[in-house]
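Trainee: Here is my input, please return the structure:
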Amino acid sequence: MQIRTARIEDAEYIALLGRVTFTETFGHLFTDPNDLSNYLNQTFGVQKIRNSLTKENNVFWLAFVEELPVGYAKLKLNSPSEFISEQPICQLQKIYVLKDFLSRKIGKVLQDELLNHSKNLGFKRIWLSVLKSNKRAIGFYQKNGFELIGDHSFTIGKEKFDFQAMSKAL
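Mentor: Purely as a prediction, here's the structure:
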């Protein structure tokens, strides 16, 4: 396994990984396939990912196994949360790993890279948002020291999703 900081020319990898992993994990929750398709196009379009890669507050990492891109992580620096007053804080926005590679602990390696980077930059706390029904992810984050700090919801198309915010001191 190789982990490296993503570059602008990796936008296609990240866009594809985002689309596939999101669909693998959450696709079954959408009653209208158009809502899922619209969300994927909006969130994981190649140009949108390129733009995101150029923003100073975003840091992406890519994970490769045998030269194949199999996962990525995204950190957003200086990202406030309604549940945290402490500053400076950052947000673990995404850790997405292809289903076939989940057993290889790639998510943990990506998370460790992201946490170390955050700590080295002087951030005191990191937070994330996770779908309440995603018990596997919640268990992963709890096992790695994240604690529940609040609840919120998000709407995509006709679907309303309930999330919980979690955070961890760095």
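Trainee: What count of nearby residues applies to Phe44?
Mentor: With neighbours defined by other CB atoms under 10 Å, the count for Phe44 comes to 20. Using the backbone N, CA and C atoms, a C-beta is placed for each residue, glycine as well.
Trainee: Identify the residues contacting it.
Mentor: 14-16, 18-19, 22 (CB atoms under 8 Å, 6 or more residues apart in numbering).
Trainee: what about the most centrally placed residue in the chain, is that helix, strand or coil?
Mentor: For the chain, the residue nearest the mean C-alpha position is Lys94 (0.4 Å; CA atoms, centre = their mean). What DSSP: H, G, I helix; E, B strand; the rest coil gives for Lys94 is strand.
Trainee: State the phi and psi torsions of His117.
Mentor: Per-residue torsions, His117: phi -60, psi -50 (degrees, to the nearest 10).
Trainee: which neighbours does the helix or strand hosting Gly71 have in its sheet, and in what orientation?
Mentor: According to DSSP states H and E, Gly71 maps onto strand 68-76. Here strand 68-76 is paired, per DSSP bridges, with strand 58-65 (antiparallel), strand 89-97 (antiparallel).
Trainee: helix, strand or coil for Arg136?
Mentor: Quick answer, by three-state DSSP: Arg136 is helix.
Trainee: And Phe146, how far from Ile126?
Mentor: Distance of Phe146 to Ile126, computed by CB to CB, to the nearest Å: 8 Å.
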